[in-house]
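Chemist: I'll drop the sequence and a predicted model, then ask my questions.
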Amino acid sequence: MYYIGVDIGGTFTDCVLVDRSGHHRAAKTLSTKHDPALGVLTGLERLAEAEGIDLPTLLRRTSRFGHGTTIGTNAVLERAGARVGLVATAGHGDALSIMRGSGRVAGRPIEDVFAVHGSRLPAPIVVRGAVLEVHERIDASGAVVVALDAARAVEDIKRLIAEHRLDSIAIALLWSFVNSDHEKALAEALAIAAPDIFVSSSVLVSPRLGEYERTVATVMNGYVGPACSRYLGGLAERLGESGLSEPLLVMQSNGGVLPAEAAATTWLGTVDSGPAGGLTGVASLARAFGHDRVVATDMGGTSFDIGLVVDGKPVMADDNVIDQYTYRIPRLAVKTIACGGGTLARFDEATGGLRVGPRSAGSEPGPACYGGGGTEPTVTDADVVLGFLRPEAFLDGRMPLDRDAATHAMARLAKQLGLSVEETASGILEINNMRAATAIRQQTLERGHDPRDYVLYAYGGAGPVHAFGYAAESGVREVVIPLGNGASTLSAYGIASGDVVLYKQLERSLLAPFEGARADALAMAVAEVETTARADLAAAGFGSDDVVIEVDALMRFREQLMHSLEIPVPLPADPDTGARLLDGFDTEYVRRYGVGGTALFQAVEVFAFRARASVAAGIPTPQAEARDAMPAQRTDVYWPGWGWTPTDVHRGSPHSTVPGPALIELAHTTIAVPPGASLSTGSRNELRLRLASPKES
Amino acid sequence: MTETVSAPAPEGSEPSAETPTVVWDGIARGYVPTEPLPVPASVRLHTTAVDDVDPVTFEVVRYSLMNINLEHGQTLQRLCVSPVTMITRDFQPSILTADADVVFLGPYLQYFSNAQSLTIKWILENRAEDPGIAPGDMYVSNDPFVGTPHQPDTIVAAPVFIGDEIFCWVSNVLHHSDVGGSVMGSFCVDATDMFLDPPAFPPFKLVDQGRIRPDIEQMFLRQSRVPRNVHMDLRAAISANLVAAEKITALLKRYGADTVKAVMNRVLDSGEKTVAERLARIPDGTWSHRMYAEAAHTGDNATYVYRMTVRKEGEHLYVDNRGTDSQTGSINVTYAGFVGAFLSALTASLASDLAGAYGGVYRRVHFDLVPGTLSCADFPAAVSPSGIYTMETLISLAGTVIGQMLACAEPEIARLAIGPAHPAFYAMISGGTTADGTPFIATNANNMIGSLAASPAEDGVDFGGHFWIPEGTASNVEELELLWPMLYLYRRAMPGGADGAGRHRGGRGFLEAAIPWGAPGLAAAVYVDESFPKVVGARGANPGSVGHFRLKHGSDVHRSFEAGKIPQDFDTISGTQAAIEAKGPALMVAEDAVWEWTGANATGFGDPLTREPERVAVDVAAGSLPAEAAERVYGVVLTGTGTTDVAADSAATDVRRRDLLAARLAAASAPGLVRTAPADARLHLLGGELALAEFNGARHFVSVTGRAVLGPVTGNYKDGCAVLERPVRDLAPEYATHKARAGYAVRHREYLCPVTGLRIETEILRDGDEPLHDIALAPTKES
C-alpha cells in the first residue's frame, strides 16, 4: 500500500511516494500550467516506473492520495477567478471596497507602509457593480431586527446574476455567525432557484466576528471555488479512470487534507496551502524524532517561510492576507519574509551601509551566477563567491553556475563599500542570516519561548546551505535537514502525511468567572463545537472511532480586540473547565508578557472556540535508505570568521559523522557544515547538524 | 492690498509683542529645548562612539534597532484595550538618543514625532537632579506645554542605562480613552482655558527603579471616566517599554555600546544628508498658506485663521506661523503640536523612504513661532480638542505648503508631493450606560477609513486612510455593535460630486448612520459639523467635503424595521431635525433618534474641467460619481444610461467646456492688459496651469495652456489672473449652508488664466481677508 503526495509549484510538480515500510521515493517533473493534471500524471508514471509497476497498479495500491494545488492562489493573484457577486445586509455592501481604510497597506512589507507614493487599493474581486443589499437585519445578540423576505431576495439575486453574467454568489450578512437563519434560508433558496451558481455562505466559510474579513473570505471562496471544482473534479476523474479507488484528498492551509467533495464548501482553505505542506511534513517527522519544539524554515529563491511546531503540533494563525485582502480562517501560522537566494544586496549611499533585501532578483533575471542577465549581487552569488556552491556541482551538475559573473557583481559592490570581495560576500550572508534570525526570534519570543529550546529544521533549495548561519544567529544549536535529499520535496511529503482535518469555529463571548450559569454556558459551547465538528467529519466520510477532537478556547482580557491566546480545553468539558481555562490563560499571559503585563482588574473572556476533528494519516516513519559511499573531494571555502579553509565535499548523505568544515552536496541542495560543527546521518534519512558554540541571542 | 510673505525674524529674536519674562520653559509657554541641552551633572549621558563601523555591522545593528521599535509597537497593539489605540493605531513607540533625539519612529501616528523627544529633553533638564533618573525608572507626562499634542496622548519614557550612564531612551505615547475634563472622551470643545480642560501632568516618575508607585498610578487614573481601560493601557505602555529596553540592553552587550552609538549617530546623520540633498534640488523661495476654523468653543460662531509659511534657503527650512490669530477658546495647540504637525507632513512627502528614521530630517527644519497664537499657545490655553481639530488643520496646512514648495522643485522631487490631509478628524464620541448599567464611552474612529488627496500625477485613493497614520484601521461595524449599544443602519462610500473634484480627483470618504440599540439613549458628546469646506484643492481643484453631523429626534426608524425596511437615506427618515452647531454641546439621543455623520472626500488636483472625459465616464460606470455630476461638475456630456454602456461624448464635451470657460471669464474681473510669453520661451511646469518662463532676462509666472504672463516670480502671480469670486456656498450644492452658520460669509476665489478661463489656483477666505501671496521665488535661477 502506498501513500502518495503531490505538490504543484510554479516550476516543478513534486510527487512523493511512501510505502508500507516507510521507504520514500520522489519524482520532480516540470509543471504544466495549461493542464496541471498532465504534470501530475507524468510524475506518477515516473514513480510507478521506479517501483517497477505501471500507473494503474500504482494507483490501485494507493491507500491515500494527497494533493496540494495552487489553482486557488493563482486565480486570486492573476485575477482569473469566477464572476462573483456579493449579497450583503442593506447599508453594508460597501464594506468590501472600503477595506476598513487599511487596504492600501495591509500585508505590505514594513518598508512600504510609510510611503503614500504609489500605494493603491488592490483590484476588486467582485464584478464591478454586482453587489446586492438585502433588507434584513440581525443584531449582536442574534435577535432578528428586520425579517428576511427570502423569496423576494432570491428574485433580486437572480436579476443580479443575469445582469452581470455571474457564475458565483457570495452571501455575507451582518451577524450571521451569531444567527445564521437568514443566510441559510437565502443559500438554500438560491440553490434551488439557481442550481448552476456556486454559492458561498459566510457562516460556513468564516463564522467569525468582523464583517469585512468575513466578507473577504466568502467572496474569495466564491472567486476561487468554480476553478477549484473544475480542476479537482477533473483530476479525481482522471485518477479514478487510471485506477485510484480512494478519494482524492486535498491539502488545506490548516495543515490537513480533506476529500475533494468535503473541501468544496470552503475551497478558500486551499488558498495559500503551499507552505502548509512543508510544515505538516516537519510536524509529522518531528513526532517521529521526538522533537517537541521545532522551528521549520524553508528558504527558497525569493522567500523565507517560518513555522513553529510546539508540543508536537504546528502553531495556528487566525488570519491571512492575500493581495492586500485580509480574511480569517484557521491556518498554519507561516510567516514569510523576502529573504532567499535571490535576495539582492546593494550599497546604501546615505548611510554607507550594506543593505540586503527586501528586493529580489526573482527567477528572471535571477542571481548573476545564473547567467540570465542579472548584474546585481544576490545571496546565491555570495554563496558562489565564497565557495559554498560549486558552480559545476549545482543541482547535480544540471545547471552550471557562472562564477565570474558572480564575482564581477560582487566586486562592484565591494568597491563601493571599501571591502574585499570576500568580506562583501560574507557580509551579505551575515546580514541575510540576521534578517532570517530576527524573524525566527520574533516568532518564538512572541509566544514567550526561548529560541534556544528549539530544534531548527531546514529545507527548500537555499535552506540547508544557510541554516548553520541563521540557526547560530537565533541561538539554536541543533539543525535537522529532514529526509536528506527529500528536503527538496518535503512539501509533497507533508501532503502525503497530512491528517484528515476539519475545523469548526464558534464565536461565543463568555465572560469570567465561569461559575453557575456561565459554567454551564461554557460547557454547552464546547459540546456544541465538538459535536458539529464530529458530525461534519462524519458527513465527509470519516465517522469511525479513529476521529480525534481537540478544542481550543480563544481568550483575552475583555475588550482586548486585537489579542488572542489559544488555550486547549480539556475534554470532556465539566464544571471545572472554566477554572482550568483561566489558569491556562494566566500562565500563558505571564509567560508572554511578564507579571507586569497582567491586569487582574480586567475580566477575562473566552470569545471563540475552535474544534479540530481529525483522523490520523498514520504514515509509516521513514526508513534508512542504502547509500553508496563516495570518496570525499576537496575545495576551498571562505568561512565567515575563518577565511579561506580547505573543506571536504561529500556527495550524498555520509555514512559516518563528518566534522566541519565540510560541504554535503545533495541532488537539490547543499548542506554547509562550519568549522567546529559536525554532521551525521540519522536513522530515518535525516541529516543532523550540530553547531559548536551558540552565539548570544 | 495684498498680504505679502514676509521673511521671518532672525533666529533667537523675541517677538516684539511679548513680555520678556515669559520663556519657552514648558510651564508658561511651550517648551523649546536649548542647544546644547543643559543636563545637570547628576546625570551622565553616554556619548562615546567608535570612529568607524564596518558596513556589515552597521546594517546588522541598524536592522536590529528598527525591529526592536517595530516589535515595541506590536506589543502595544496586542496588550491595549482601547479601540482607539489598538485598532486606530493612535500611538507611537520610539528609540531616542541619550539626549532625546529621535532615531526610529514606527508606522503609527506620525505627529507624535517630536512629543517624546521634547518631553524627555524636559525631563533631562528638570528632573535629573530631583527626583533623579535611575536604571529601571519610567516617567509619565501628558502636559501639552512640555511636549504632547493634547492631554489624552500620554507619554511613558524609560532610560536605558549602560553602567551609570544613560545610553538611550525608549518611549511610547498613546491615546487614552478618557483622562477627564468637561467632555466625555476628553476632547473638551467647551473649554475656554486649561482649567476646564483635562488635567495636564508634567513629567512624574511612575516607575521607580522597576517598581510601579501605586499611589501615583492611582492619582493618574483618578481623573478618568474609564479608569479600568486607562489602567490596562498604561500597564501595556510600561510592559512594552520594558521589553524594548531589555532588547536594547542585549544589543549593547553583544556589539558594545560605542558601536551601537556609532550606528545611531550614523542613522541620524544619513537621514539629515538625504533630506539635505533633496532640499538642494528645490529652488530657494517662500511658500505660504492659510486655513480657517469655525467656532473656538461651544456657543461661538466666529471664523479663525491659521497661517503657515515655509522659507527654503540652501539646505534648510525655516517655518513660521505669522498671521495666525491669537489664542482663544479650545482650538489651540502648543509649540509641540505645531512642530509635530509640520514634521509629519514633511517626512511623509519628502522622506518616507527613510521608513521612520527621521531624526536627521528634523535637524534641517527650524521653527520660529509667534507665541500666544492658536498654533503656539501660551499657558493656560485649552488644547484638548486638538486631536480632532487643530492638529489635523495644521497637518493639512503643512501638506499644502509643502506641496507648493515641491511643485517648484526638479521633477523627481516634485513627484513626492502628497497633498493636504483632511482638515479635521471626523469622529463621534458618545457615552451613557448600557442596559445593565455599565457606563461606556464610545470613541468612534471610523474616520480611519479616510481618503487621500490627489497628487500632481494621479487620483487620490478612495478609503485610503491618512498619510500621517499609515497603519491606522477602522473598526468593523460588528465590533462597534459588540462594544457599544448601537445599531448601524448603513456605512457606505460617500458619493463623488463637486467636493474633491479635479483633473485628478480626491479619494472618496464614507458616511454612516446609527441608532441607540439596547439602551434607552445616549449622549453625543463630540461630533464634527462644518458649515464650509476648509481645504482648498490644489492648482484649481474644487475644495474638499464639508463634514456633517445630523440628528433627528422622534424618527420612524423602528416603524421602518417593522415594515421590513432599513432606512438608507437620512433625508427620507421622518422626525425633527436638531439644530447643530460647530463644536456644539452634548446632544441627548433618545431611543427613537437617529444620527448620521460623514467623513470627507479628499481634495483633487487641477481644474475639474481638464479631467479626461473618459475617466469621468469610468467613475460614473463604477458608481463612484452620480451621472448628473458629470456635466455639472466636470462639463462632461455622457451617452448611455446603464453602468455598462456609459461613455463620454467628446465633441459635445468640448462644446460644453468651451461654454463653461467662457462663462467663467465673462463673470470674472479681468486683470487689465494681458501679455503672452514669447513662443520660444520654455516652460518650467509648476503643476496644473501654472508655470515659470524665463525671457527678457528674468523669470515670470505664466499660464500653461494660454501662455499668459502673470507677473514676475518675485511678485504674486494672482495679480495677473482674472478673478472670479463668490460665496463658497454658491460654488455647488455640496457646499450649501444655513445663513446662521459661520460658513455663510466665507468666500471662494478662483484665479483664472485670462486667456483660457482655466483655473490656476483657488482660495477659500474669510470675508474681508486679503488675497494670499503664496509663492515667492528668486528673480533668476542663479540668484
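Modeler: Perfect, thanks for sending it.
Chemist: when you work out contacts or count neighbours from here on, use the C-alpha atoms and nothing else.
Modeler: Noted.
Chemist: contacts only, for A:P659.
Modeler: A:673, A:675-679 (CA atoms under 8 Å, 6 or more residues apart in numbering or on different chains).
Chemist: likewise B:L251?
Modeler: So B:L251 contacts B:61, B:260 (CA under 8 Å, 6+ apart).
Chemist: what kind of secondary structure is it in?
Modeler: B:L251 falls in the helix class when you classify it by DSSP: H, G, I helix; E, B strand; the rest coil.
Chemist: find me the pLDDT at it, would you?
Modeler: For B:L251, the model assigns a pLDDT of 96.
Chemist: then A:G597?
Modeler: 58.
Chemist: the strands in the stretch 351-500 of chain A, which residues?
Modeler: Ranges of strands within the stretch 351-500 of chain A are A:353-360, A:455-459, A:478-481, A:500-511, based on DSSP state E, counting those that start in this stretch.
Chemist: actually, the stretch 51-200 of chain A.
Modeler: Counting by DSSP E, counting those that start in this stretch, the strands of the stretch 51-200 of chain A are A:62-68, A:84-89, A:131-134, A:137-138, A:144-146, A:168-172, A:198-201.
Chemist: give the next helix or strand downstream of the helix or strand of chain B with the lowest mean pLDDT.
Modeler: Ranked by mean pLDDT, DSSP states H and E, the weakest helix or strand in chain B is helix B:83-86, scoring a mean of 70. Once the chain leaves helix B:83-86, the next helix or strand it forms, by DSSP states H and E, is strand B:91-97.
Chemist: and chain A, is that following strand touching that?
Modeler: No: interface with chain A: strand B:91-97 contributes nothing (CA under 8 Å from any CA of the partner chain), its closest point being 13.4 Å away.
Chemist: low-confidence regions, the chain specifically.
Modeler: Just going to use chain A. For chain A, residues meeting the criterion pLDDT under 70 lie at A:594-601, A:626-629, A:693-697.
Chemist: my bad, the chain I had in mind was chain B
Modeler: For chain B (pLDDT under 70), the answer is B:1-21, B:83-84, B:642-643, B:780-783.
Chemist: which residues touch B:V140?
Modeler: B:154-157, B:202-206.
Chemist: in strands, which of those appear?
Modeler: Here DSSP state E is the test, and the contacts of B:V140 give B:154-157, B:204-206 as lying in strands.
Chemist: which one of the residues you listed is nearest chain A?
Modeler: B:L206 (13.5 Å; CA to the nearest CA).
Chemist: so that closest one touches B:E217, yeah?
Modeler: Yes: using CA atoms under 8 Å, B:L206 is in contact with B:E217, at 6.6 Å.
Chemist: now A:S119: closest residue in space, sequence neighbours ignored.
Modeler: Closest residue to A:S119 apart from its sequence neighbours, by CA to CA, 6 or more residues apart in numbering or on different chains: A:R104 at 6.0 Å.
Chemist: quick check: the gap between the one you found and B:K261.
Modeler: Separation of A:R104 from B:K261 (CA to CA, to the nearest Å): 35 Å.
Chemist: those two: which is more packed in?
Modeler: Here A:R104 and B:K261 are compared on neighbour count by other CA atoms under 10 Å in any protein chain shown; more neighbours surround A:R104, at 25 against 22.
Chemist: does that one touch B:D462 like I think?
Modeler: No: in this structure A:R104 lies outside contact range of B:D462 using CA under 8 Å: 9.5 Å.
Chemist: return the residues of the stretch 451-600 of chain B in contact with chain A.
Modeler: Checking the stretch 451-600 of chain B against chain A by CA under 8 Å from any CA, the hits are B:461-465, B:467, B:470-479, B:481-483, B:487, B:489-493, B:561-562, B:564-566, B:568.
Chemist: so which of the residues you listed are in helices?
Modeler: B:477-479, B:481-483, B:561-562 (DSSP state H).
Chemist: now rank those by neighbours and give me the top one.
Modeler: Going by other CA under 10 Å, B:V477 tops those with 24 neighbours.
Chemist: isn't it up against B:L489?
Modeler: No: the pair B:V477 / B:L489 is not scored as a contact, 10.0 Å apart, by CA under 8 Å.
Chemist: which neighbours do those two share?
Modeler: Residues touching both B:V477 and B:L489 (CA under 8 Å, 6+ apart): there are none.
Chemist: coming back round to it: show me which of the contacts of B:V140 neighbour chain A.
Modeler: Okay, of the contacts of B:V140, nothing touches chain A (CA under 8 Å from any CA).
Chemist: neighbours of residue 60, how many?
Modeler: Since no chain was named, I'll use chain A. 17.
Chemist: not what I meant, chain B
Modeler: Residues near B:V60, counting by other CA under 10 Å: 22.
Chemist: please apply the same query to A:E237.
Modeler: Neighbours of A:E237 using other CA under 10 Å come to 14.
Chemist: that one: helix or strand, and which one exactly?
Modeler: helix A:211-241.
Chemist: give the contact list for the residue of the stretch 351-500 of chain A found nearest chain B.
Modeler: Closest residue of the stretch 351-500 of chain A to chain B, CA to the nearest CA: A:G353 (4.3 Å). A:G353 is in contact with A:347, A:417, B:54-56, B:58-59, counting by CA under 8 Å, 6+ apart.
Chemist: which of the residues of the stretch 451-600 of chain B next to chain A count as buried?
Modeler: B:461-465, B:467, B:470-479, B:481-483, B:487, B:489-493, B:561, B:564-566, B:568 (16 or more other CA atoms under 10 Å in any protein chain shown).
Chemist: how about B:G337: what's its closest non-neighbour residue?
Modeler: Nearest residue to B:G337 in three dimensions, chain neighbours excluded: B:P149, at 4.7 Å (CA to CA, 6+ apart).
Chemist: just checking, that neighbour touches B:P385?
Modeler: No: between B:P149 and B:P385 there is no contact under CA under 8 Å: 9.7 Å.
Chemist: show me which of the two is the more surrounded one.
Modeler: Comparing B:P149 with B:P385 by other CA under 10 Å, the one with more neighbours is B:P149, at 33 against 29.
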